[in-house]
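J.: below are the sequence and a predicted model; questions follow.
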Protein chains: 4
Amino acid sequence: MFTELKERVLAANLLLPYYQLVTFTWGNVSEIDRNNGVIAIKPSGVAYDKLQLDDMVIVDLEGKKIEGKLNPSSDTQTHIELYKAFAQIGGVIHTHSRNATIWSQAGLDIPALGTTHADYFYGDIPCTRRLTTNEIANDYERNTGKVIIEEFIKRSIDILAIPSVLVSGHGPFGWGKNANDAVHNAVVLEEIAAMALATRNLNVGIKIQQELLDKHYFRKHGKNAYYGQL
Amino acid sequence: MFTELKERVLAANLLLPYYQLVTFTWGNVSEIDRNNGVIAIKPSGVAYDKLQLDDMVIVDLEGKKIEGKLNPSSDTQTHIELYKAFAQIGGVIHTHSRNATIWSQAGLDIPALGTTHADYFYGDIPCTRRLTTNEIANDYERNTGKVIIEEFIKRSIDILAIPSVLVSGHGPFGWGKNANDAVHNAVVLEEIAAMALATRNLNVGIKIQQELLDKHYFRKHGKNAYYGQL
Amino acid sequence: MFTELKERVLAANLLLPYYQLVTFTWGNVSEIDRNNGVIAIKPSGVAYDKLQLDDMVIVDLEGKKIEGKLNPSSDTQTHIELYKAFAQIGGVIHTHSRNATIWSQAGLDIPALGTTHADYFYGDIPCTRRLTTNEIANDYERNTGKVIIEEFIKRSIDILAIPSVLVSGHGPFGWGKNANDAVHNAVVLEEIAAMALATRNLNVGIKIQQELLDKHYFRKHGKNAYYGQL
Amino acid sequence: MFTELKERVLAANLLLPYYQLVTFTWGNVSEIDRNNGVIAIKPSGVAYDKLQLDDMVIVDLEGKKIEGKLNPSSDTQTHIELYKAFAQIGGVIHTHSRNATIWSQAGLDIPALGTTHADYFYGDIPCTRRLTTNEIANDYERNTGKVIIEEFIKRSIDILAIPSVLVSGHGPFGWGKNANDAVHNAVVLEEIAAMALATRNLNVGIKIQQELLDKHYFRKHGKNAYYGQL
């Protein structure tokens, strides 16, 4: 059952080493089947070069395992919180990719500094607040999701217009229309995180002009987009 | 028609992933056939590993498509402006290569700091002014070309002596005798952009001596050149 | 004799170039057979792409060669000191991996800055004090081991909870349950060393919350661990 | 004629792209046959992936071509000066490898900061003074050699104990017992140049202890060396 879903999730997970977003098992991608109310996700702690189709785990939106021999990713509850809060997203990703993790550890937003950023992210990429002692001690992974959601609501950010977040002291999470799209956005995030580090070093106060951010974002997104083969 | 032109432009575009100048579809190369008044350019948003000869798009110097099923690069009008302004150039390139983009985002010229730079670029590589709100809103891609041209005229720079430019808040454009030469110059730009970042960090005020800049540039370029198998 | 031990140690040494932890011959891994009181270690100065099973050297815990044609690693006495002091460890590694060596040269601990660190290291990774003139002049390699041991005792660090150390002015040593595990930890060390360099540059005073360090370390280690397929 | 010499020099030049020391044609290696008073060197401006045995150029110590169809490297006179001044060296190399070039552009010595450095270089790696206007205008490549020699004599440096130099505003030159050894030293130089950049950033005043520099250099070099399979 859920073979096509598992195939897509397996393929998306295998892109993580391909795009050099992971060391060892430090990442996971999932995709949701909203009709059946289930998600497929990578098993916890299994090496990418050993991953097989049958290793993919199917869980429902309570986190209960529906299919699969292995334990799902330890971050499964974070994925579930995001799927529940945001009906528009179809895939979720978590990595410890180097440059995005650096910004997360520093506890800082990645500022929008150029059109590379603007082509995919309509504004700064938020870093969450720190979790409280209680949020860490009890239901940590679920609370990680809740803190992300809180940040997007507090800042009134459209979840699809900024498809990544930095969890303070931890690393990036992201999403997309499906698992593949979530990986795509994570590759972009890692590249702009690297660029932003060095740009800030060269010229600490610089920001992209709002008009240029608008132009680049909307030439690729929305009803007036004209980039690509639409 | 234009098969050889399209073959050269396809080959030049395929060098972008080979030299690690691009992530996904973030770059494009074109070449002009001045006798026929047309350019061949990469289609917009098509992955490099899927690019075929017939995907190349032929447009005239008004930007009208002459041949090809796909939409040309969204940056086509920038290429056209450059070809119109500078009769000496035969190929144009645009990428978001990491280090050159960092300087563009910082809004700073890449200073000439050593002979690696001087072997290819006769002086600092200019960063344009920012586009105005109006230039961004109306005919943005054409205005990107115009701002580049304005910068070279204002500074009295010989277009072939400094075959790259940084567009402020955006990224590098470049050119050459043909498409392949434009790619070659973009590879050099990326390397010297990386070196300049770290050099500035070590010794912020340093500059190359003018005599050394002259020596290295002219031992490779012009009538007294003696580098290579001329 | 000791064929399986030598096979494991050969395999572990070959992971060093695979994970890009070494330039030329700048690293070595060993494993101990505590029942027989011997260790297998890489020979000194032999290129990784030439390493054969029979090149592995077996020495006893006095450093006396038991088997093998070649000289053991010049760092053998450091390995032996660590095995003698810490009965829990089964493999030892030394490299000059770039980022960990940078912290060693700077003479600074790698601070715990995020969950990537916390997943493997329960606190800052210590940098030893400098060796004295006398410690360098006489029995240098053995004293390198002694200085490491002194640091862990002085700070009351559990050797398995922080399986790496930086030797001041030199580079990283590490360990694990066996040779393969020691390499695994060295890969992690190199990645977190790189992240910590840039994080400190972005936000110099930042530290991970103690609660988050605890949470991530103990969800992967100890009796309440729930990461992976335990 | 000189087939074995040319084979060694070809092989050494092909190591430059293998070790990622060059972009395009930005490097050259030579070796001297002191009995016959000739050197073999890479031809000028020929791509590494096209290099053939017959492309190698044989010149005498006046720079006169003895064998070969192509022009020798434009840096040939620098190589010759070094061979003439230092009878102990058998191979010479020049590259624009990124990190060593950064230090050259900054006009700064690479300080000895750790044992990685001390294993190969007995002290700081000197950066030359700038060439004068006259030295650049007349016989530039020969003067580049002269300025290197001046620096080593002025500082009383043993040419084999520090087998690299940074030419101010330009890049690294190096040498060794033969062409292969010169490449080996250039790989080490590039790695320690990278480490030194980041170490200085972390802890600007730090230096290796003299005793540790001595220990590591002399455990690999000289009559009391005990590293490797001597």
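T.: Structure received. Treat the numbers as computed from the prediction; the structure is a model and nothing was measured. Numbering: from 1, shown residues only, chains lettered A, B, ... in the order given.

J.: switch to C-alpha atoms for all contacts and neighbour counts from now on
T.: Noted.

J.: now A:N28: phi and psi?
T.: Dihedral angles phi and psi of A:N28 (degrees, to the nearest 10) take the values phi -160, psi 150.

J.: so it sits against A:T95, correct?
T.: Yes - in this structure, A:N28 is within contact of A:T95 by CA atoms under 8 Å, at 6.6 Å.

J.: which one's more surrounded, those two?
T.: With other CA atoms under 10 Å in any protein chain shown as the criterion, A:N28 and A:T95 differ in neighbour count, and A:N28 comes out ahead with 31 against 24.

J.: contacts only, for the more buried one.
T.: The contact partners of A:N28, by CA atoms under 8 Å, 6 or more residues apart in numbering or on different chains, come to A:N13, A:I41, A:K42, A:S73, A:I93, A:H94, A:T95.

J.: what's the answer for A:T23, then?
T.: A:T23 makes contact with A:P17, A:H96, C:V188 under the criterion CA under 8 Å, 6+ apart.

J.: from chain D, how far off is the last one?
T.: Taking CA to the nearest CA, to the nearest Å as the criterion, C:V188 is separated from chain D by 18 Å.

J.: now do the SS call for the spatially most central residue of chain A.
T.: Relative to the mean C-alpha position of chain A, the nearest C-alpha, by CA atoms, centre = their mean, is the one of A:G174, at 1.1 Å. Three-state assignment for A:G174 (DSSP: H, G, I helix; E, B strand; the rest coil): strand.

J.: quick check: closest non-adjacent residue to it.
T.: A:S164 (4.1 Å; CA to CA, 6 or more residues apart in numbering or on different chains).

J.: next one: A:L189
T.: Spatial nearest neighbour of A:L189, excluding adjacent residues (CA to CA, 6+ apart): A:A100 at 6.8 Å.

J.: I'd say that neighbour and A:A186 touch.
T.: No - contact criterion CA under 8 Å: A:A100 and A:A186 do not qualify, at 9.1 Å.

J.: ok, those two, which is more surrounded?
T.: When neighbours are counted by other CA under 10 Å, A:A100 and A:A186 differ, and A:A100 comes out ahead with 31 against 28.

J.: A:V57 - how many residues pack around it?
T.: Residues near A:V57, counting by other CA under 10 Å, number 24.

J.: for the residue lying closest to it once chain neighbours are set aside, give me its contacts.
T.: For A:V57, the nearest residue in space outside its immediate sequence neighbours is A:G68; the separation is 4.9 Å by CA to CA, 6+ apart. The neighbourhood of A:G68, defined by CA under 8 Å, 6+ apart, consists of A:D54, A:D55, A:M56, A:V57, A:I58.

J.: quick check: which ranges of chain A have low pLDDT?
T.: Judged against pLDDT under 70, the low-scoring parts of chain A cover residues A:230.

J.: and it, which residues reach chain C?
T.: Counting by CA under 8 Å from any CA of the partner chain, the positions of chain A adjacent to chain C are A:23, A:43-46, A:70-71, A:73-74, A:96, A:98-99, A:101-103, A:105-106, A:133, A:136-137, A:169-171, A:197.

J.: could you flag which of these are buried?
T.: Buried members of these, scored by 16 or more other CA atoms under 10 Å in any protein chain shown, are A:23, A:43-46, A:70-71, A:73-74, A:96, A:98-99, A:101-103, A:105-106, A:136, A:169-171, A:197.

J.: buried ones only from the contacts of A:G68, please, as a ChimeraX command.
T.: Selection of the buried residues among these in ChimeraX, burial being defined by 16+ other CA under 10 Å:
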select /A:55,56,57,58
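
J.: can I get the contacts of A:G68 in a markdown table including secondary structure and distance to A:Q209?
T.: What follows is these, written out as a markdown table (DSSP: H, G, I helix; E, B strand; the rest coil; distance: CA to CA, whole Å):
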| residue | secondary structure | distance to A:Q209 |
| --- | --- | --- |
| A:D54 | helix | 48 |
| A:D55 | helix | 47 |
| A:M56 | coil | 44 |
| A:V57 | strand | 44 |
| A:I58 | strand | 44 |
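
J.: how about the helices in chain A?
T.: Counting by DSSP state H, the segments of chain A that form helices are A:3-18, A:76-85, A:98-106, A:115-118, A:133-137, A:140-154, A:179-202, A:210-220.

J.: most tightly packed of these?
T.: Burial of the helices of chain A is given as mean neighbour count (mean count of other CA atoms under 10 Å in any protein chain shown); helix A:98-106 ranks first at a mean of 29.

J.: would you mind getting the angle between that helix and helix A:179-202?
T.: 70 degrees (axes from the mean of the first three to the mean of the last three CA atoms, to 10 degrees).

J.: can you list the helices and strands that helix A:98-106 packs against?
T.: Packed against helix A:98-106, as judged by 3 or more CA pairs under 8 Å, 6 or more residues apart in numbering or on different chains; DSSP states H and E, are the following elements: strand A:164-166, strand A:172-176, helix A:179-202, helix C:179-202.

J.: one more time with 10 Å, if that's ok
T.: strand A:164-166, strand A:172-176, helix A:179-202, helix C:115-118, helix C:179-202 (3 or more CA pairs under 10 Å, 6 or more residues apart in numbering or on different chains; DSSP states H and E).

J.: follow-up on the earlier one: show me what the residue nearest to the centre of chain A bridges to in the sheet.
T.: On the basis of DSSP bridges, A:G174 is bridged to A:I93, A:S164.

J.: gap between it and A:E191?
T.: When CA to CA, to the nearest Å is applied, the distance between A:G174 and A:E191 equals 14 Å.

J.: count of neighbours near A:M1?
T.: Burial of A:M1, expressed as a neighbour count using other CA under 10 Å, amounts to 7.

J.: what about A:G37, neighbour count?
T.: Other residues near A:G37 number 11, with proximity taken as other CA under 10 Å.

J.: who touches the residue in chain A positioned nearest to chain D in this structure?
T.: Of the residues in chain A, the one nearest chain D is A:N201, at a distance of 12.5 Å by CA to the nearest CA. A:N201 is in contact with B:I102, B:A106, B:L197, B:N201, C:N201, C:L202, counting by CA atoms under 10 Å, 6 or more residues apart in numbering or on different chains.

J.: switch to 7 Å and redo it
T.: Residues counted as contacts of A:N201 (CA atoms under 7 Å, 6 or more residues apart in numbering or on different chains): none.

J.: do A:A182 as well
T.: Applying CA under 7 Å, 6+ apart, one finds that A:A182 lies in contact with A:G91, A:V92, A:I93, A:G174, A:W175, A:G176.

J.: ok, the closest residue to the second one other than its chain neighbours to D:K50 distance?
T.: Counting by CA to CA, 6+ apart, A:W175 is the residue found nearest to A:V92 once chain neighbours are left out, at 4.2 Å. Taking CA to CA as the criterion, A:W175 is separated from D:K50 by 46 Å.

J.: just A:V9 next, same as before
T.: A:V9 sits 44 Å away from D:K50, taking CA to CA as the criterion.

J.: same question, A:N28
T.: Plainly put, A:N28 is 43 Å away from D:K50 if you go by CA to CA.

J.: and if you look at A:N143?
T.: The separation that A:N143 has from D:K50, given CA to CA, amounts to 59 Å.

J.: cool, A:T76 as well?
T.: Taking CA to CA as the measure, A:T76 falls 53 Å from D:K50.

J.: also A:N99?
T.: According to CA to CA, A:N99 stands 37 Å off from D:K50.

J.: same check, this time on A:T144
T.: 55 Å.

J.: which parts of chain A sit against chain B?
T.: Within reach of chain B by CA under 7 Å from any CA of the partner chain, chain A has these residues: A:113-115, A:195, A:198-199, A:202-203, A:206, A:208, A:211-212, A:215, A:227-229.

J.: closest one to chain C out of the residues you listed, please.
T.: Nearest to chain C among these is A:A198, at 9.8 Å by CA to the nearest CA.
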